[in-house]
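J.: Here's my sequence, what's the structure:
(2 chains)
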Amino acid sequence: MKKFLLILSSLFSSLFFLVGCQNPKPQTYQESNVLHLNSIRWGAEDLEALSKMMVQNILDSNNTFLKEENIYGFEEIRNDSHDQIDVKVLKNKIITALILSKRFHFTNEISKADYLFRGKLTSIFKKNSKSKDMFFTFNMTLTNAKTAMIVWSHDVEVRKVYERSLIGW
Amino acid sequence: MKRELSMVILWVVLMGCTSSNGGKVVRIDPSEMRDSDANYGAEDLHIFIKSMMQSMLSSSLFDKQKPYLTLSEIGIGEGVDEHMDTKLIANSIRTNLIKTTKVHFIDGEYAKHLKADEVSAIDYVLSGDIHAIKKDNNNHVDNFYMLSLKLTNAKNSKVVWTEDKEIRKVIEK
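T.: Numbering: from 1, shown residues only, chains lettered A, B, ... in the order given. Here you go, the predicted model:
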């Protein structure tokens, strides 16, 4: 029995040494849109997913606000999430995608805009002994600058969970 | 015996090395009902929004006219001891209402920068409160949440619609 245990332990040790402990692995470069989840916190994947879903919804809207002669402004994106997030990147990605669609003209002077985009990023974070759960929700509105009427609004969400494995720490 | 013990320790160390992160992160459907504990989560937000929208749209309040609405505050009751973004609840309901095309929504914050005659007169104001009663003892955790919303006529302060949605989660320890 002792011999069997010894052989078994040696076998596992050798196997895990060869397979598992070859770190550090060589650095690799990832495309920003490749899903490479390694943390429950805010990451490039979330930036990519939320901006893409939001832009898609704006472009798919058959709303009357989508006229080429309109001038659009982007006020701010509020970060009310648990993470430190550079929301200016999110804002810039959306503006860039909309300009590239050739259907939107943006101005940096908010007072000259006909319509104003605004956003709010929020998260709900849960943590217990077995798992962590991060839910990001991003709300955007488009307001008519002359009447204060909200002509479009959309919410997009991403959710990630981390579950501890039985072995390891 | 010592040798066997040292081999087992080595095995455990190597196991830790191979899975130093201890688990994995996966992306899941945000609307999945996956309560990991009794605290407020994405599931509760979705239940609140769905329930309130169903009630509001079945009230026939928006059938005859397309009224002008604005958001007021959703307050937090004394029993709430965890982070709850009530503006998120209000914004989600506003988004869902705008998508129905049955109402007009006025951005109350932005309207402050305009002259009164430039902004359409508000018909209804949406406001509410969220409450929680939480119990935690040796045997179980019992969390109760209640969202109350109301629509008030902006001209005569009459409450034209109100709804409560309760959620209770009990976890045996």
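J.: Quick check: longest strand in chain A by residues?
T.: As assigned by DSSP state E, the longest strand anywhere in chain A is strand A:149-164.
J.: Tell me which stretches of chain B form strands.
T.: For chain B, applying DSSP E gives strands covering B:23-28, B:68-76, B:104-106, B:124-136, B:140-153, B:159-172.
J.: and the angle from the last one to strand B:140-153?
T.: Strand B:159-172 and strand B:140-153 are oriented at 170 degrees to each other (axes from the mean of the first three to the mean of the last three CA atoms, to 10 degrees).
J.: Can you give the distance of strand B:159-172 from its chain's centre?
T.: 11 Å (CA atoms, centre = their mean, to the nearest Å).
J.: Which residue lies nearest the spatial centre of the chain?
T.: I'll assume chain A. The residue lying closest to the centre of chain A (CA atoms, centre = their mean) is A:Asp46, at 1.7 Å.
J.: meant chain B actually
T.: B:Leu45 (2.8 Å).
J.: Now do the same contact list for the residue nearest to A:Ser123 when sequence neighbours are not counted.
T.: Ranked by CB to CB, 6 or more residues apart in numbering or on different chains and with sequence neighbours excluded, the top spatial neighbour of A:Ser123 is A:Ser81, at 3.7 Å. C-beta: built from backbone N, CA, C; applies to glycine. Residues near A:Ser81 by CB atoms under 8 Å, 6 or more residues apart in numbering or on different chains: A:42, A:121-123, A:136.
J.: List just the nearest of the residues you listed to chain B.
T.: A:Thr122 (4.6 Å; CB to the nearest CB).
J.: The closest one bridge partners, please.
T.: In this entry, A:Thr122 is beta-bridged to A:Asp80, A:Thr137, by DSSP bridges.
J.: For chain A, which segments count as helices?
T.: All helices of chain A, identified by DSSP state H, fall at A:2-20, A:44-60, A:87-100.
J.: Surely A:Ile150 is in contact with B:Glu109?
T.: No - with contact defined as CB atoms under 8 Å, A:Ile150 does not reach B:Glu109; the gap is 10.8 Å.
J.: Looking at those two, which is more packed in?
T.: When A:Ile150 and B:Glu109 are compared on other CB atoms under 10 Å in any protein chain shown, the one with more neighbours turns out to be A:Ile150, at 24 against 12.
J.: Test my guess that B:Ser92 contacts A:Glu157.
T.: No - using CB under 8 Å, B:Ser92 is not in contact with A:Glu157; the gap is 9.9 Å.
J.: Overlap in contacts, those two.
T.: Joint contacts of B:Ser92 and A:Glu157 (CB under 8 Å, 6+ apart) are A:Thr137.
J.: Identify the residues contacting B:Ile130.
T.: So B:Ile130 contacts B:74-77, B:80, B:84, B:86, B:89, B:145-148 (CB under 8 Å, 6+ apart).
J.: bridging residues for B:Phe144?
T.: B:Ile133, B:Arg168.
J.: that older thread, assess the claim that the residue nearest to the centre of chain B and A:Ile124 are in contact.
T.: Yes - the pair B:Leu45 and A:Ile124 passes the contact test of CB under 8 Å, sitting 6.9 Å apart.
J.: what do the two both touch?
T.: Residues touching both B:Leu45 and A:Ile124 (CB under 8 Å, 6+ apart): A:Thr137.
J.: just to revisit the earlier point, in contact with the residue nearest to the centre of chain A: list those residues for me.
T.: A:Asp46 is in contact with A:136, A:158, A:160, counting by CB under 8 Å, 6+ apart.
J.: mind redoing it with 6 Å?
T.: A:136, A:158 (CB atoms under 6 Å, 6 or more residues apart in numbering or on different chains).
J.: how much space between it and B:Ile49?
T.: According to CB to CB, to the nearest Å, A:Asp46 and B:Ile49 sit 21 Å apart.
J.: Check A:Met134 too.
T.: Going from A:Met134 to B:Ile49 by CB to CB gives 19 Å.
J.: Name the residue in those two with the higher neighbour count.
T.: Applying other CB under 10 Å to A:Met134 and B:Ile49 shows that A:Met134 carries more neighbours, namely 24 against 19.
J.: wait, that one sits on A:Tyr162?
T.: No - using CB atoms under 6 Å, A:Met134 makes no contact with A:Tyr162, being 8.0 Å away.
J.: list residues touching both of the two?
T.: Residues touching both A:Met134 and A:Tyr162 (CB under 6 Å, 6+ apart): A:Ile40.
J.: what number of residues lie near A:Lys88?
T.: A:Lys88: 11 neighbours (other CB under 10 Å).
J.: ok, now which ones touch the closest residue to it other than its chain neighbours?
T.: Leaving out its chain neighbours, the residue that sits closest to A:Lys88 by CB to CB, 6+ apart is A:Ile77, at 7.8 Å. Contact analysis of A:Ile77 by CB under 6 Å, 6+ apart lists A:87, A:90-91, A:119.
J.: Which of these ranks first by neighbour count?
T.: A:Leu90 leads these on contacts (other CB under 10 Å) with 22 neighbours.
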